[in-house]
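Engineer: what follows is a protein structure lacking sequence information:
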């Protein structure tokens, strides 16, 4: 499952993105014009990035198969934007990749649970250091 994020309101997207959406409530009315402009620019950039395939790149599998570096795919168990089966598929597509399902986190573990994500990333990086 991949949610059509462009059709969702900010509140709907937050509900799908976070393990605990109550911790990340966004009051759009409290945002400055500058903050709203940044949000609009970010959304426009994502639309360009997503391209004509709505975030489903048909060539991704081929390109992932060519990755030759140690790879960790860390995925939030509570991600309802893109479910964990996609993360597992990404990891399976990269030769030798490791998949880690992170409980208690959603689509944005770097924002929601950085205290749990960063040690995992550092440990993975340290385990794969080459001299």
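Structural biologist: That came through fine. Values in this document were obtained by computation on a predicted structure and should not be read as measured data.
Engineer: please count neighbours and contacts with C-alpha atoms only from this point.
Structural biologist: Noted.
Engineer: I'd say residue 97 and residue 91 touch.
Structural biologist: Yes - with contact defined as C-alpha atoms under 8 Å, residue 97 reaches residue 91; the gap is 5.2 Å.
Engineer: between these two, which contacts overlap?
Structural biologist: 71, 72, 73 (C-alpha atoms under 8 Å, 6 or more residues apart in numbering).
Engineer: and the lengthiest helix in the chain, average pLDDT?
Structural biologist: If you go by DSSP state H, the chain has its longest helix at helix 33-50. When pLDDT is averaged over helix 33-50, the result is 87.
Engineer: could you say what helices and strands the lowest-mean-pLDDT helix or strand in the chain packs with?
Structural biologist: Every helix and strand of the chain was ranked by mean pLDDT, DSSP states H and E. The lowest is helix 33-50, at a mean of 87. Applying 3 or more C-alpha pairs under 8 Å, 6 or more residues apart in numbering; DSSP states H and E, we find helix 33-50 packed against no helix or strand.
Engineer: and that helix, what's buried?
Structural biologist: Under the neighbour-count criterion of 16 or more other C-alpha atoms under 10 Å, helix 33-50 has nothing buried.
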